[in-house]
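In: Attaching a predicted model along with its sequence, questions to come.
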Amino acid sequence: MSTTALAPALAPALAPRPTLALELPRQRSARPCAARAARPARPARGRRRPLRLTRRGRLLLTCTAASALAGAVIVATGALSGASAGAGVGPGRAPAPAVHTVLPGQTLSTIAEEWAPSQDWREVADEIVALNALPSMSLQVGQRLTLPDRD
């Protein structure tokens with residue numbers, strides 16, 4: 001006997017499941033649909049109560065005012081710090097000298113060419129040597145150099 005012949009005999013017979021269908025009861029109204037749709041307008045009330053500010057509304061109003069005030073303070077301090085940053089430059093005051101840190105592979109000639117490309121690099125290099133009181137033209141990585149004014 002093969003297993004295919006035994007399989008239908010061993011399998012339980014499945015009975016069809018009943019289906020469940022729900023129907024909602026229909027509401028019956030004495031008025032027809034057209035009459036139900038047209039509602040009479042509400043009569044106008046006399047005086048309305050004034051709006052009241054709730055706790056949540058007060059909190060929202062306070063936070064909005066505080067953030068606007070903080071933004072104004074930030075803008076004002078930014079404008080003041082920008083005005084004070086340029087206070088060192090003006091008539092009778094020299095600008096702060098530019099300082100350059102020597103990076104690996106840089107020479108005095110490359111620094112001079114980058115700093116003043118419109119001028120002869122030899123003249124700019126001589127000015128850098130004189131400004132920094134360098135004993136020779138050789139530089140060390142990390143050395144800080146004061147650069148001349150750009151003309």
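Out: That came through, no problem. Computed from a prediction, not measured in an experiment: that's the story for all the values here.

In: who touches Pro104 in this structure?
Out: Contacts for Pro104 (CB atoms under 8 Å, 6 or more residues apart in numbering) come out as Val141. Placement of C-beta: from N, CA and C, glycine included.

In: now do the one 4 residues further on
Out: Neighbour list for Leu108: Ala125, Ile128, Val129, Met137, Leu139 [criterion: CB under 8 Å, 6+ apart].

In: hmm, 7 Å instead?
Out: Contact analysis of Leu108 by CB atoms under 7 Å, 6 or more residues apart in numbering lists Ala125, Ile128, Met137, Leu139.

In: quick check, nearest of these to Ile74?
Out: Ile128 (40.7 Å; CB to CB).

In: pLDDT at Val73, what is it?
Out: Looking at Val73, its pLDDT is 92.

In: I meant to write Ser138 there.
Out: pLDDT, read off for Ser138, is 84.

In: and what of Arg48?
Out: pLDDT, read off for Arg48, is 81.

In: what about it, how many residues close to it?
Out: 6 (other CB atoms under 10 Å).

In: on that earlier part again, tabulate the contacts of Leu108 in JSON lines, adding columns for distance to Glu113 and neighbour count.
Out: Formatted as JSON lines, those follow (distance: CB to CB, whole Å; neighbours: other CB atoms under 10 Å):
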{"residue": "Ala125", "distance to Glu113": "9", "neighbour count": "21"}
{"residue": "Ile128", "distance to Glu113": "12", "neighbour count": "21"}
{"residue": "Met137", "distance to Glu113": "14", "neighbour count": "12"}
{"residue": "Leu139", "distance to Glu113": "14", "neighbour count": "17"}
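
In: among these, which are in helices?
Out: Among the contacts of Leu108, DSSP state H puts Ala125, Ile128 in helices.

In: Of the contacts of Leu108, which is the nearest to Glu23?
Out: Among those, and counting by CB to CB, the member closest to Glu23 is Leu139, at 95.3 Å.
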